[in-house]
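Colleague: need a structure here:
(chains A, B, C and D)
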2 protein chains.
Amino acid sequence: MKNLTLKDIALALGLSITTVSKALKDYPDVSAKTKEKVKAYAEKVNFTPNAYAAFLRTQESKMIGVVIPRLNHYFFSNVLRGIMHQAEANNYMVIVLSSEESYELEKKQVAKLVKQNVDGILISIADTTHNLEHINRVNELNIPLVFFDKYSKLSPSPSVIINDQQAAYMAVNHLIARGKKNIAHLRGPLLPQNSIDRFLGYRKAIEEKQLTYKKEWIFTCENISSDDGYRYTKHILEHHPEVDAIFAVADLPAIGAIKCLNEYEIAIPEQMAVMGFSNWGISALTTPALSTVNQPGEEMGASAFDLFLAEKERLRKGENSNVENIELATDLVIREST
Amino acid sequence: MKNLTLKDIALALGLSITTVSKALKDYPDVSAKTKEKVKAYAEKVNFTPNAYAAFLRTQESKMIGVVIPRLNHYFFSNVLRGIMHQAEANNYMVIVLSSEESYELEKKQVAKLVKQNVDGILISIADTTHNLEHINRVNELNIPLVFFDKYSKLSPSPSVIINDQQAAYMAVNHLIARGKKNIAHLRGPLLPQNSIDRFLGYRKAIEEKQLTYKKEWIFTCENISSDDGYRYTKHILEHHPEVDAIFAVADLPAIGAIKCLNEYEIAIPEQMAVMGFSNWGISALTTPALSTVNQPGEEMGASAFDLFLAEKERLRKGENSNVENIELATDLVIREST
DNA sequence: GTTACAAACGAAATCGTTTTCGAATTATAA
DNA sequence: TTATAATTCGAAAACGATTTCGTTTGTAAC
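Modeller: Numbering: from 1, shown residues only, chains lettered A, B, ... in the order given. Coordinates of the predicted model:
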């Protein structure tokens, strides 16, 4: 009924604990016959070695920690699913912690994972993270660490990201191709690399086509919330009537924008086009449906886990080979709002 | 730099491992002076006992497992946050697994948690779970198990739920108070208790006010998706023009309904009112904004964790006292769609 | 000075697995 | 027949914390 031990199996088969353990791990100094017998019995009673005891010897916990900025976030949920799927395939357990976009909490969560002796940490850093001491400490302890989506250029750890600048560039070019000339940008906070890159992609597209670029058309969504989008759109309507398109850093502000435009009975996309970023599940359900950039969440999660395995191997071998970085492709999802 | 052990502290202070351990746990046979010294040093070097080694003696892993039907689900994300918050306060780690609404996967995930020696399991069962052997097995192993939101009446384990029947009853009564007389219901799958209860609440309200109740106005959303809502609403418009309100088992189908009604340019709520259930973040952002029933997710998560602690204590003492069940209050959120 | 007792500390066993090293058995060669 | 090698197994020592049970030391009572 309860979880069996090697001892139980050894007793049942008249073998020593050592031989049972070695048989299960295919040591060469156990006869084929004995291996068969042990494996068959272990299979029958559904034995799996006690992970805690194993850790004590091997110092491998077979657990990884994941730190994400937010739990109830469509994109990160998808990344998580990708991570967990890959983790399961490799017999790893996953501990998920949220930083709630707070630098202080992020530090605590990372420390907690280190104390838990996780074999590695996958992290997407918070909007407010301005210091990488906690990350550096993980590196010093030789614990594999992988960034996904929100990384820092100041850390040498491997990362899997999208090309935010290029994606934003494509998105804005799409608006331009639709004939829009005065495009406002609801950008993200100032620190995160991806909100910087999306802004740069926006500016590059504008400048390349020699459209007007105005600082007054750039608004910073501190919380990347629908409320941010709603408020700034209202402001745009009242103070910048010449604006004919909005490119938002994420779907949530874009949906807030649509909400506002609907209330003011502005025709979308004729009078004002709206472009989001991330392709959340809900973005297909607004009226009108939101055009956006698709981010491959599950793929990113799976790649992040694979990078962790690679990084672990790299650290084990003590190689000074370069870390891997992965850049995933994105694509435009054109719907009714453009 | 690396994680310290009791041995390191003992060596540094010229004490035995035993005394250090006992000092940290406030054993009575350690002098106050020594306790002070040990605690101060442990604090300074940020010592925490190795959880894996501790488990081997105490058989307590200080980890709980959580199984939810879906990861990217607004309500469950909130429950998770409540669980994690409470877990952190009590020094527990949380392993989250998803059943993806599949009975088979749910069984696997529970088995995995048992193998991991979690101290308890919090679970919201899948829509397709029709058999409780896996739950019973957990009970037999004396591992505390707590249901939240989606439970089974066939298991004696404690649970924290809402009164779905009463909440649905209130919601439908609200539609009736708005003058609606022919109310359709987009119900959930047949197995889960909450979709049964919401249906019963709907029927109770209808029958009590002696409105017409028709089987043809009941539609089963197998996936509780927006697509379900969209499809059935289209069907209602085409085949049951007399229907003047829709009560959905969840927000997602309700949003699908609104999407459809908008496309057909049906006036909401004048020609057709729509009521959801759960109060997802997006339900305030549709046009028109969705009326719904608020479910206290975080509170439910926190209560579930508390129930786990209580159940653990109950099992430890071997009491045959009754298990606790908690029912949380819900409230209507009236927006534009009614 | 002897005994009794409490206070303060440590030795050692234990949890279950892994792995090194040595012992035992069998097979092979001389 | 003996020496050697190959094969197969098991004893035992870790890993780090917990806890039982002794041991030592000091104090008080007689």
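Colleague: Would you mind giving the domain segments of chain A?
Modeller: Structurally, chain A divides into domains by automatic domain parsing as follows: A:6-49, A:61-162+A:297-330, A:164-294.
Colleague: Same list (those domains) but as JSON lines, adding mean neighbour count and mean pLDDT.
Modeller: All C-beta atoms are positioned from the backbone trio N, CA, C, and that covers glycine. As requested, those are arranged in JSON lines below (neighbours: other C-beta atoms under 10 Å in any protein chain shown; pLDDT from 0 to 100):
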{"stretch": "domain A:6-49", "mean neighbour count": "14", "mean pLDDT": "95"}
{"stretch": "domain A:61-162+A:297-330", "mean neighbour count": "20", "mean pLDDT": "95"}
{"stretch": "domain A:164-294", "mean neighbour count": "20", "mean pLDDT": "97"}
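Colleague: For DNA strand C, find the nearest of these.
Modeller: Distances from DNA strand C to each of the domains of chain A were compared by C-beta to the nearest atom of the strand, and the smallest falls on domain A:6-49, at 3.2 Å.
Colleague: Pull the distance from the closest one to the chain's centre.
Modeller: Centroid separation for domain A:6-49 versus its chain: 41 Å, with C-alpha atoms, centre = their mean, to the nearest Å.
Colleague: Which helix or which strand is home to the residue of the stretch 51-200 of chain A found nearest DNA strand C?
Modeller: The nearest approach of the stretch 51-200 of chain A to DNA strand C comes at A:Ala53, 3.2 Å away (C-beta to the nearest atom of the strand). For A:Ala53, the host element (DSSP states H and E) is helix A:51-58.
Colleague: Can you show me the helices along chain A?
Modeller: Using DSSP state H, the helices assigned to chain A run over residues A:6-13, A:17-24, A:32-44, A:51-58, A:74-89, A:103-115, A:133-140, A:164-177, A:193-208, A:226-239, A:251-263, A:297-317.
Colleague: Columns distance to chain B on top of those helices, output as a markdown table?
Modeller: Supplementary listing: these in a markdown table, determined by distance: least, C-beta to the nearest C-beta, whole Å:
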| stretch | distance to chain B |
| --- | --- |
| helix A:6-13 | 14 |
| helix A:17-24 | 15 |
| helix A:32-44 | 13 |
| helix A:51-58 | 4 |
| helix A:74-89 | 3 |
| helix A:103-115 | 5 |
| helix A:133-140 | 6 |
| helix A:164-177 | 21 |
| helix A:193-208 | 20 |
| helix A:226-239 | 5 |
| helix A:251-263 | 4 |
| helix A:297-317 | 9 |
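Colleague: Can you check which of those helices gets nearest to B:Asp119?
Modeller: Taking C-beta to C-beta as the criterion, helix A:51-58 is the member of the helices of chain A that comes nearest to B:Asp119, at 12.3 Å.
Colleague: List the buried residues for the closest one?
Modeller: A:51-52, A:55 (16 or more other C-beta atoms under 10 Å in any protein chain shown).
Colleague: name the helices or strands packed onto that helix?
Modeller: Applying 3 or more C-beta pairs under 8 Å, 6 or more residues apart in numbering or on different chains; DSSP states H and E, one finds that helix A:51-58 makes contact with helix B:51-58.
Colleague: do the helix it packs on and DNA strand D meet?
Modeller: Yes. Legend: contact between helix B:51-58 and DNA strand D by C-beta under 7 Å from any atom of the strand is shown at B:53-54, B:56-58.
Colleague: which residues are in contact with that helix?
Modeller: Outside helix B:51-58, the residues that touch it by C-beta atoms under 8 Å, 6 or more residues apart in numbering or on different chains are A:52-53, A:55-56, A:61, A:115-117, B:60-62, B:117.
Colleague: farthest-separated two in the residues you listed?
Modeller: Farthest apart among the contacts of helix B:51-58 by C-beta to C-beta are A:Ala53 and A:Lys115. That separation is 19.2 Å.
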